[in-house]
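Visitor: sequence below, structure please.
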Amino acid sequence: MRNLSQSGVRTVGRDHAARAVDIHVAAFVSDPVMRYLWPEAHDYVGHFPDLVRGFGGRALDHDAADVTEDFRGGALWLPPGVHPDDEALEKLVDETVRESVRSEVREVLEQMEASHPAEEHWHLAFLGVDAAHQSQGIGAVLMRDRLAKIDASGLHAYLESSNPRNVPFYQRHGFEVLREIRIGGFPPVFPMLRTPA
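Guide: Residues are numbered from 1 along each chain as shown. Presented below is the predicted three-dimensional model:
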């Protein structure tokens, strides 16, 4: 493990990939978007880890996967120029998501991509706290730690909130809603941008 900070947050690489992914599995178990994709628990547990790896896993290769000391919370950030694994995500959608919602998923993903700022930016792919340890300030510690580094570089930060209940949390950390993506029965997704502090 690398880069232990005074906040109790450290950066991990591929050697801790499984634990980093498991945090998000435990965190997103009741997320509206994730459970729309996989309503049955068996499917969610079986396929959501592949979504985490495809959408945010490259953070593990770029010193941008943050976890708390106790692995109760984590964040996967994609640095400027690093993108999700589109090929893996497309395959995951085609093979695991109900056919009746695949077109919605593709359209939402396209609109998410179109919402990215033109400016060089960091992309928060996932921020999660194990459901058994939420509402204890763990997410705020993770957010403050990485945002301090992003602010020091003078860059923007961007994310897509898949849960409307989390929008106020992100707003407290300086993010502003760019728009609401709502396609068919798909739960709303909120692209959000933070300018350098």
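
Visitor: which strand or helix spans the residue nearest to L178 when sequence neighbours are not counted?
Guide: Excluding the flanking residues, the one nearest L178 by CB to CB, 6 or more residues apart in numbering is P191, at 4.5 Å. (C-beta placed from N, C-alpha, C; glycine too.) Using DSSP states H and E, the element containing P191 is strand 190-194.

Visitor: list the helices and strands that strand packs on?
Guide: strand 156-161, helix 167-172, strand 176-177 (3 or more CB pairs under 8 Å, 6 or more residues apart in numbering; DSSP states H and E).

Visitor: rounded mean pLDDT for the second one, please.
Guide: The one in question is helix 167-172. Here helix 167-172 scores 98 as its mean pLDDT.

Visitor: check the last one too.
Guide: For strand 176-177, the mean per-residue pLDDT is 98.

Visitor: counting contacts, what elements does it pack onto?
Guide: Using 3+ CB pairs under 8 Å, 6+ apart, the elements in contact with strand 176-177 are strand 190-194.

Visitor: between the strand it packs on and strand 156-161, how many degrees?
Guide: Angle, strand 190-194 to strand 156-161, by axes from the mean of the first three to the mean of the last three CA atoms, to 10 degrees: 160 degrees.

Visitor: list of residues touching strand 190-194?
Guide: If you take CB atoms under 8 Å, 6 or more residues apart in numbering as the criterion, strand 190-194 is touched by 112, 115-117, 121, 147, 156-161, 164, 167, 170-171, 173-181.
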